[in-house]
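Visitor: okay, predicted coordinates and the sequence, questions at the end:
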Amino acid sequence: MNKKWAAFLLALLLSFALLTGCESIPLSVSVDMGQASTPAPTLYSQDDAQITLADIPEYDGEAYIAIHGNTPYFTPEEMTTTSFETYSSLDALGRCGLAYANVGQDLMPTEERGSIGQVKPTGWHTVKYDCVDGKYLYNRCHLIGFQLTGENANEENLITGTRYLNIEGMLPFENMVADYVKETDNHVLYRVTPLFAGDNLLASGVLLEGYSVEDAGEGVCFCVYAYNVQPGVEIDYATGDSALAEDSQADMQAGEAADYVLNTNTMKFHLPTCSSVEDISDAARENYHVARDALISQGYDPCKRCNP
Amino acid sequence: MKLIVCLDDKNGMAFNHRRQSRDRVVLERIQKLAEGACLRMSPYSAKLFPESSALASPDFLQQAKDGDFCFIELEDGSACEERVQRVIVFRWNRVYPADLHFGIDLGAWHRISAEEFPGSSHEKITMEVYQK
């Protein structure tokens, strides 16, 4: 099949998909900018599409939420079966902008990942908390994951993100896209937009968009916002400074007894408010008021969702 | 009925009406498991398999008889739990986005076997078999 016919068929397929598939992809989005006192930051903008932080609900215990009906803002004109990757220049404050790729197998890394420790994204601090998986609050978060494009120590592709954002918010989507591309040899349009409020050095979160091209979104289609938060830690987004939260998360450290729910099948322990608790069978569920360290010494691991 | 399901580390199955992941090796294993028996699934799942290897129908769970294998991806399985004699779980050993989770609590079932094997795009997949 020659390229002209391939392009024609792809456009035809896409037009059909936009009408019937991944909900429907709007060609134009306009949102009220909200509060007038501080300028609402532009999350993602192209000629006629805008979203702002004002549209994002407060963090409510989920690492990411679907927005815009889980439908990305790609337009038909953006669909292509040619791989590419682009990264925005840093702004005047040294902050990253959107990163955008059409992920194909030809972009995926063929070598082991190197060091990225030399990059210091805005808001960076090396700080540790016992309540954080792996201790370190901040990770250098690839906007477009290394496993997708092999782009590693590129300062235009690295933001300061919490461990929670990195592992719970972004990695699951990178995994999904990577698997799909490897298994199908298709392409996935993948765009990550960090969202900064005002002149903050730390992003409030990231917009993640994905759409599989050759099958018109049947394989991959999402539009989510992932929160740059860390349960148990309070963060000053202007500077990246942080402190242990005063609520129960902090109190649970250092051997103080607290309420936990154990899953004796998975050997995980949870906060009573964790959404995973409802999935535990009666036979495997045990409630305890006990020190966190005592549970760990008995072989239990903290749930990665609620980070008890 | 023997249920076949793929799960991530949080018992997730799908996100935004799409499977979390796929792997050629798992698909081959499913076909092999169901050799000589009836393999049922939805039309969505059937696109992953050679045309002759599966019976595709939107109401495949209702149509399934004792001994049939049913591969579920966008169905959480809870509606047919009473009729399920065995559950075969393929664990991806990774975490994916999820808004659909497996609806059968395997805590009350007996795990009768577990086997690890490499997939085509997954480093380690675990196949577990549960029986009531």
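Guide: Sure, I can see it.

Visitor: for chain A, what is the nearest residue in chain B?
Guide: B:Gly107 (3.4 Å; CB to the nearest CB). From N, CA and C alone the C-beta is placed, and that goes for glycine too.

Visitor: quick one: residues contacting that residue.
Guide: A:Asn263, A:Asn265, A:Ile280, A:Ser281, A:Ala283, A:Ala284 (CB atoms under 8 Å, 6 or more residues apart in numbering or on different chains).

Visitor: same question, A:Ile67
Guide: A:Ile51, A:Asp55, A:Ile56, A:Leu207, A:Cys223, A:Val224, A:Tyr225.

Visitor: hmm, the fourth one is touching A:Cys223, no?
Guide: Yes. With contact defined as CB atoms under 8 Å, A:Leu207 reaches A:Cys223; the gap is 7.4 Å.

Visitor: one step back: compare the contacts of A:Ile67 and tell me which is most surrounded.
Guide: In terms of neighbours by other CB atoms under 10 Å in any protein chain shown, the contacts of A:Ile67 top out with A:Val224 at 26 neighbours.

Visitor: residue contacts, it?
Guide: Contacts of A:Val224 by CB under 8 Å, 6+ apart are A:Tyr64, A:Ile65, A:Ala66, A:Ile67, A:Asn70, A:Phe173, A:Leu207, A:Leu208, B:Pro97.

Visitor: run through the bridge partners of B:Phe69.
Guide: B:Lys2, B:Leu39 (DSSP bridges).

Visitor: ranges for the helices of chain A?
Guide: Under the criterion DSSP state H, chain A contains helices at A:3-20, A:146-149, A:163-164, A:171-184, A:248-251, A:292-297.

Visitor: near chain B at all, the second one?
Guide: No. Using CB under 8 Å from any CB of the partner chain, helix A:146-149 stays clear of chain B, with a minimum separation of 10.8 Å.

Visitor: do the same with the third one
Guide: No. Applying CB under 8 Å from any CB, one finds helix A:163-164 out of contact with chain B, separated by at least 12.6 Å.

Visitor: mind checking how far stretch A:163-170 is from the chain centre?
Guide: Its chain's C-alpha centre and that of stretch A:163-170 lie 6 Å apart, by CA atoms, centre = their mean, to the nearest Å.

Visitor: show residues contacting it.
Guide: Residues from elsewhere that reach stretch A:163-170 (CB under 8 Å, 6+ apart): A:63-64, A:132-134, A:136-139, A:141, A:145, A:161, A:192, A:205-206, A:208, A:226-231, A:304-305, A:307, B:95.

Visitor: give the PyMOL command for selecting the buried subset of those residues.
Guide: Filtering the contacts of stretch A:163-170 down to the buried ones (16 or more other CB atoms under 10 Å in any protein chain shown) takes a single PyMOL command:
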select buried, (chain A and resi 63+64+132+133+137+138+139+141+145+161+192+205+206+208+226+227+228+229+230+231+304+305+307) or (chain B and resi 95)
